[in-house]
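Student: Based on what follows, work out the 3D shape:
(one chain, ligands or ions: 3)
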Amino acid sequence: MKLELLDQLRQTNPVVLNISNFVTVQDVANGINAIGASPIMSEEIAETDEMVAISSAVALNLGAFSKPQVAHILKMGQSANANHKPLVIDPVAVGAISYRKQVATDLMKQFQVDVIRGNAGEIAALADVEWQAKGIDAGSGDQDLVEIAKAAAVKQQCVVILSGETDVITDGQKVARVHNGTPLFQLHVGSGDMLSSIVAAFCAVSDGDYFEAAQTACLVFAATGELVANQLKEERPGTFAAQLMDELHLVSVADIEKIAQFD
Ligand SMILES: Nc1ncnc2c1ncn2[C@@H]1O[C@H](COP(=O)(O)OP(=O)(O)O)[C@@H](O)[C@H]1O
Ligand SMILES: Cc1ncsc1CCOP(=O)(O)O
Ligand SMILES: [Mg+2]
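Tutor: Ligands and ions are numbered 1, 2, ... in the order given. Predicted coordinates:
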């Protein structure tokens, strides 16, 4: 765990390039901005190389793509690889929709991702493990989450984050777990998408250690949500979302250290 990366991120203000989905794009842009990085979104394939060139990390969200967008995602992933920019992918709902799993796995044969961030249903699908995913949500299953994450990491040769009540982060061998968080995240659509792009922001300042960047991003995001939840007397998803944005901007390394729970 390297919480100093949060301060480095704020000092550097790295540009994070995103292909987002139309559902959560505003949250993702503001989440990146609030934590101290600089978001830019793209929907035009012709600008890909120039966009990647000015960026310090790339996040590809597969939340709601059309066929032309798949070509754009492919070009952006390949350009990120060619330009040695860290590449994060969020395989939204690949556990629930077989077409999505096919597209995601085809894409990952054509570029090398550095980090995959998904919930249990999504990561189980990529690991070919039996699981009952439910739409964009994790769903249910009884296999061991650490083993699922490790299998996906070995298969795709990258760092995997399996997020949920406990976040599991692995490169296929080393494993870290973040126990912070709040169930309120599940009441705000876009929490996972925000996390994926914030992971990209941490990768941008990580000097190539994406396992450490992924762990730190998970701790910062989950602990920030927990700090907000601790201030709320009842379940208020709207207030949570607004205050999460505030707290991503205000939270300090010392605030996080006080409540951090990881191993
Ligand atoms: N039950 C929970 N308790 C605590 N934190 C959670 C819970 N479920 C999800 N989170 C947190 O919510 C954030 C988004 O993750 P997740 O909900 O798994 O993504 P997605 O929205 O893609 O399903 C992560 O920081 C994760 O740690
Ligand atoms: C509802 C929905 N439909 C397609 S993408 C999307 C948002 C998914 O967001 P998240 O995985 O962060 O909850
Ligand atoms: Mg998601």
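Student: and this protein, which of its residues are near ligand 3?
Tutor: Val92, Gly192 (CB under 5 Å from the ion). Backbone N, C-alpha and C define where each C-beta goes, glycine included.
Student: Next to ligand 1, which bits of the chain? Give me the list.
Tutor: Neighbours of ligand 1 within the chain, by CB under 6 Å from any ligand atom: 119, 137-138, 163-165, 167, 181-183, 185-186, 191-192, 195, 221-222.
Student: Just the ones of the residues you listed in helices?
Tutor: Ser191, Gly192, Leu195, Phe221, Ala222 (DSSP state H).
Student: Buried only: go through these for me.
Tutor: Ser191, Gly192, Leu195, Phe221, Ala222 (16 or more other CB atoms under 10 Å).
Student: Looking at the nearest residue to the first one once chain neighbours are set aside now. What's its pLDDT?
Tutor: So that's Ser191. Distance criterion CB to CB, 6 or more residues apart in numbering; nearest residue to Ser191, sequence neighbours excluded, is Phe185 at 4.1 Å. Phe185 is assigned 98 on the pLDDT scale.
Student: who are the neighbours in contact with Phe185?
Tutor: Ser191, Ala222, Gly225 (CB atoms under 8 Å, 6 or more residues apart in numbering).
Student: mind putting these in a markdown table, distance to Ser252 and pLDDT included?
Tutor: Below are the contacts of Phe185 laid out as a markdown table (distance: CB to CB, whole Å; pLDDT from 0 to 100):
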| residue | distance to Ser252 | pLDDT |
| --- | --- | --- |
| Ser191 | 21 | 98 |
| Ala222 | 16 | 98 |
| Gly225 | 16 | 98 |
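Student: can you put the residues you listed in CSV and add distance to ligand 2?
Tutor: As requested, the contacts of Phe185 are exported to CSV (distance: CB to the nearest ligand atom, whole Å):
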residue, distance to ligand 2
Ser191, 5
Ala222, 14
Gly225, 13
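Student: Out of those residues, the closest to Leu244 would be?
Tutor: In terms of CB to CB, no member of the contacts of Phe185 lies closer to Leu244 than Gly225, at 5.9 Å.
Student: measure the closest one to Asn30 for me?
Tutor: 15 Å (CB to CB, to the nearest Å).
Student: So for the residue in the stretch 151-263 of the chain positioned nearest to ligand 3, what pLDDT did the model give?
Tutor: In the stretch 151-263 of the chain, the residue that lies nearest ligand 3 is Gly192 (3.1 Å; CB to the ion). Gly192 is assigned 98 on the pLDDT scale.
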